[in-house]
Each structure stands twice: as C-alpha cells, then as structure tokens.
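Chemist: sequence and predicted structure below; questions after.
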Amino acid sequence: KVRKTVIDMVLATDMAEHMAIVSKLKTDLQKRLENPDDCIHLSQEVEDSVRVLVLQGLIKVADIGHLYAKRDVHIKWSKCLEEEMWRQGDEEKELGLKVSMLMDRDKPGVTKAQTGFMDFVVRPLFDTWVASFPECKVLMERIEANYTYWQER
C-alpha cells in the first residue's frame with residue numbers, strides 16, 4: 001500500500017497528468033467538501049481514493065512551491081529552473097534531438113512564459129486547492145503578487 005502511494009505521488013508530478021488531477025480535485029474533492037455531512041477531517045478515516053487524491057494535489061502544490069515564495073526567492077528559483085531547462089535543451093541539441101519547448105536557450109525561456117504558465121497551469125490548480133482548503137488562501141495571494149511582477153516585465 002505504501003509503495004503504491006509513493007508511485008502515485010511521483011506520477012502526480014508529471015505535467016501530462018496535471019489537468020486530470022486538477023479536474024478530479026474539482027469534481028471529487030471539492031464537491032465532497034461542499035457537503036457538510038461528508039466533510040473530511042484528519043480525525044476521521046478517509047477512503048483511500050480521497051486520501052491519494054489529496055496527497056496528489058498536495059505534492060503538485062509543493063512541486064511548484066517557488067511560485068508562492070517571496071518574490072526574491074521565486075525569481076531566483078525561476079532563473080535556476082530556466083538554466084536547468086536550457087542545459088537539457090543543450091544536451092538535446094548535442095544528441096541531434098528536437099529541442100523540447102522552453103528548453104532552447106536561443107529562444108525565450110521559462111522567465112518569459114511565467115504569466116502563461118500561471119494562467120493555464122497554476123491558477124486552475126490553486127483556485128481548486130484554495131476552494132477545498134481555504135486556509136491556503138495566502139498561497140494564492142503570493143502567486144498573484146509574483147504574477148504581477150512577471151506581467152510588469
């Protein structure tokens with residue numbers, strides 16, 4: 001059971017699964033939480049599918065945690081990620097492979113695509129997460145502050 005949960009968590013970080021997980025969070029978890037008679041509490045036993053879904057959402061939120069960090073930390077992480085992606089693109093070029101999106105250092109990278117990433121990937125996840133767990137609202141506020149930074153650049 002632990003092995004399967006760990007595998008589910010690792011797979012949850014795959015961007016190919018992102019929208020499916022966000023959709024499940026919205027349909028399965030959020031609707032469950034809207035019903036006060038069916039509310040999830042730490043003290044209650046929670047069915048495995050819901051537990052795994054919450055953990056998948058949580059690991060996705062943590063995986064892109066730099067987006068809700070303080071601005072200077074967020075910018076530093078964004079630049080590090082951009083360099084890491086460019087290095088992968090450099091290797092792809094050396095191997096004669098097609099360079100993956102945002103990984104070609106001769107083209108705009110991650111730091112130029114932040115607002116789009118936030119609009120289409122981050123906001124849907126965090127809108128759903130905050131609706132399910134309102135205590136996390138501060139994360140969305142920080143994301144919005146960092147979004148404003150990139151928008152003004």
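Modeler: Thanks, I have the structure now.

Chemist: so which residues of this protein form helices?
Modeler: Taking DSSP state H, the helices of the chain run over residues 2-12, 18-24, 31-34, 48-63, 71-94, 114-117, 123-132, 137-151.

Chemist: contacts for the fourth one next, please.
Modeler: Okay, so that is helix 48-63. 1, 5, 8-9, 12-13, 18, 21, 24-25, 28-29, 32, 40, 46, 125-126, 128-129, 132, 136, 139 (CB atoms under 8 Å, 6 or more residues apart in numbering). Bear in mind the C-beta positions are built from the backbone N, C-alpha and C, glycine included.

Chemist: and with 7 Å instead?
Modeler: 5, 8-9, 12-13, 21, 24-25, 28-29, 32, 40, 125, 129 (CB atoms under 7 Å, 6 or more residues apart in numbering).

Chemist: mind listing what's buried in it?
Modeler: Val52, Leu53, Val54, Gln56, Gly57, Ile59, Lys60, Val61 (16 or more other CB atoms under 10 Å).

Chemist: just the buried residues of the lowest-mean-pLDDT helix or strand in the chain, please?
Modeler: Across the helices and strands of the chain, the lowest-confidence element by mean pLDDT, DSSP states H and E is helix 31-34, at a mean of 72. Across helix 31-34, burial judged by 16+ other CB under 10 Å covers Arg32.

Chemist: just give me how far that helix sits from the chain centre.
Modeler: Relative to the centre of its chain, helix 31-34 is centred 21 Å away, using CA atoms, centre = their mean, to the nearest Å.

Chemist: farthest-apart pair in the contacts of helix 48-63, please.
Modeler: Within these, Thr13 and Arg32 form the most distant pair, 23.6 Å apart (CB to CB).
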